[in-house]
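Chemist: Pasting the sequence and the predicted model now:
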Amino acid sequence: MRSTRVDLYGLLGVARSASVADLRRAYRRMALLHHPDRAGAASAPTFAGIADAYRVLSNPVARSAYDVSLAEQDAWMARDAGAVHAGGVDWTVGTAGWRAARAGPFADLLPRLSGRLDVLVSSRIVALDADGVIELHLNGREAASGGTAAIQMALKVACATCGGVARPRGVWCRICEHEGAVNEEVTVHVRVPARVRRGSMMTMTVPRAVDAPLRIRFCVHGLWPIRSEDIHPDYDYDE
């Protein structure tokens, strides 16, 4: 079914060239003006549309997809609104009146290392140490070629409804209340360098995440002689 075109920039009253700061100021102004607590219950749909517009436009990936859809309106309107397979990771962005799904395939996806974190941990492919470091257990081929591990995990991120601006005695958000952040399933794309050395570590920041950056340790098996201190007690080295 085709969706009705919604001008997200128009909802916030900004130009398409608006900066992130411009979007934030416009959202705060419009949200305060149309909040149901101030403007009445009838303004709830308008307030929801404003929050949806800011959620999309404040996200660089979603904004890019929306901008492309403006330039290719006819083609996008003919698309199925469902998610598109993207190399093991599906994503869809949209509002109540607009939706877009784009494939972002990874030619170097590492399927064995991709999936939900809890499943990977139970399969002994990933481990979490006492300090919260995520250990990826690579076989020799994966370590030699490198690639992308797409791991779904729960993280505390800026609330997509209010854009993280909700605060006590300020903007109220029905999703996060006054927190400005929520726990959300996020797909983290971990870039594994080619010929990665065992025991090497990397730190990565996840977009929208409010927690500390993730720390990743690469545990490599099968490429070099395994030392006793490298052996993880729960890892199946025959895989």
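Modeler: Perfect, thanks for sending it.

Chemist: Out of the helices and strands in the chain, which is least certain?
Modeler: The weakest-scoring helix or strand in the chain, judged by mean pLDDT, DSSP states H and E, is helix 73-77 (a mean of 41).

Chemist: wait, residue 217 sits on residue 136?
Modeler: Yes: counting by CB atoms under 8 Å, residue 217 does reach residue 136; the two are 7.2 Å apart. The C-beta positions use only the backbone N, C-alpha and C, and glycine is treated the same way.

Chemist: Now residue 186: which helix or strand?
Modeler: strand 181-192 (DSSP states H and E).

Chemist: Figure out how far the next helix or strand after that strand is from the centre of its chain.
Modeler: Where DSSP H and E defines the elements, the next helix or strand beyond strand 181-192 is strand 201-204. Relative to the centre of its chain, strand 201-204 is centred 18 Å away, using CA atoms, centre = their mean, to the nearest Å.

Chemist: what lines up beside the very next helix or strand once past strand 201-204 in the sheet?
Modeler: Sequence order places strand 214-221 as the next helix or strand after strand 201-204, per DSSP H and E. Strand pairing for strand 214-221, determined by DSSP bridges: strand 134-139 (parallel), strand 201-204 (antiparallel).

Chemist: Pull the residues that contact strand 214-221.
Modeler: Under the contact criterion CB atoms under 8 Å, 6 or more residues apart in numbering, strand 214-221 has outside partners 127, 129, 131-140, 143, 188, 190, 192, 196-206, 230, 232, 235, 237.

Chemist: Return the set of buried residues in stretch 188-203.
Modeler: Neighbour counts using 16 or more other CB atoms under 10 Å place 188, 190, 192, 196, 198 of stretch 188-203 among the buried residues.

Chemist: And for stretch 136-146?
Modeler: Here stretch 136-146 shows 136, 137, 138, 139, 142, 143, 146 as buried, counting by 16+ other CB under 10 Å.

Chemist: Now do the residue lying closest to the second one once chain neighbours are set aside: how many residues are near it, please.
Modeler: With CB to CB, 6 or more residues apart in numbering as the measure, residue 219 is the residue that lies nearest to residue 137, at 4.8 Å, once sequence neighbours are left out. If you count neighbours by other CB atoms under 10 Å, residue 219 ends up with 19.

Chemist: Make 830 the first number, not 1, from now on.
Modeler: Okay, using 830 as the starting number, the last item reads as residue 1048.

Chemist: shaky segments in this structure?
Modeler: 830-834, 897-935, 989-990, 1051-1068 (pLDDT under 70).

Chemist: Outline the domain layout of it.
Modeler: Domain assignment of the chain by automatic domain parsing yields the ranges 837-930, 940-1059.

Chemist: what residue is smack in the middle of this structure?
Modeler: residue 1015 (4.7 Å; CA atoms, centre = their mean).

Chemist: what's the burial count for residue 1013?
Modeler: 15.

Chemist: for the spatially closest residue to it that is not a sequence neighbour, phi and psi?
Modeler: Closest residue to residue 1013 apart from its sequence neighbours, by CB to CB, 6+ apart: residue 986 at 5.0 Å. Backbone geometry at residue 986, expressed as degrees, to the nearest 10, gives phi -130, psi 160.

Chemist: Perfect, that will be all.
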